[in-house]
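In: Generate coordinates for the sequence data below:
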Amino acid sequence: MARKIRLATICVLGLLATIFPTTPASAATRSCPQFEPLFKQYGLIPVKVFSEIAYRESRCRIKAINARWDKNGNLIWSLNKNGTYDSGLLQINSGHAGHVKKVCKAGLPKLLTLDCNLKMAKFLLDNGGLAHWAMSKPTPTTTTIPVDDYQRN
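Out: Numbering: from 1, shown residues only. Reported below is the predicted structural model:
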């Protein structure tokens, strides 16, 4: 009887693992450590911050996009209220189309490649800093710790 229960439990756990797979490291750390060497290579410093931004923005997916188009290529849905959309690992906004043409020598679909997405992220970092990803920052808590107190602990 106990053997049947253990076997049933193993089957159920196996089924749950299939339905709800976990992602290695990133789910536990809420970062994308697999891209950290590239962030450093492209000058996206601080690397850990960009690793966390990539997790919050795209869950470490290079081809993430927050929009949908109809069969004729018309934008029919976007997460952004202003009608723009975000693409790639670091979710570069479509409002930067002119810069994408200059930096990547291509149109917005090129943002779904790692090279173009990271080049554009570096361009944005150099021209406005982390403010371009302000919406992805963690929500501040109501309790604040003075920097001096934090450093002592």
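In: Could you list the low-confidence segments of the chain?
Out: Counting by pLDDT under 70, the ranges of the chain that qualify are 1-28, 135-153.
In: run the last query once more with 50
Out: 3-26, 137-153 (pLDDT under 50).
In: This protein: strands as residue ranges?
Out: Assigned by DSSP state E, the strands in the chain fall at 67-69, 75-78, 86-87, 92-93.
In: Out of those, flag the one nearest Ile45.
Out: When the strands of the chain are compared by Cβ to Cβ, strand 92-93 sits nearest Ile45, at 17.8 Å. Placement of C-beta: from N, CA and C, glycine included.
In: From the rest of the structure, what touches that closest one?
Out: Asn80, Thr84, Tyr85, Asp86, Val100, Leu111, Asn117, Met120, Ala121, Leu124, His132 (Cβ atoms under 8 Å, 6 or more residues apart in numbering).
In: That strand pairs with which strands?
Out: Note on strand 92-93: by DSSP bridges, its sheet partners are strand 86-87 (antiparallel).
In: neighbours around Asn66, how many?
Out: For Asn66, the neighbour count with other Cβ atoms under 10 Å is 17.
In: Out of the contacts of strand 92-93, the closest to Val49 would be?
Out: Once Cβ to Cβ is applied, the member of the contacts of strand 92-93 that ends up nearest Val49 is Ala121, at 11.4 Å.
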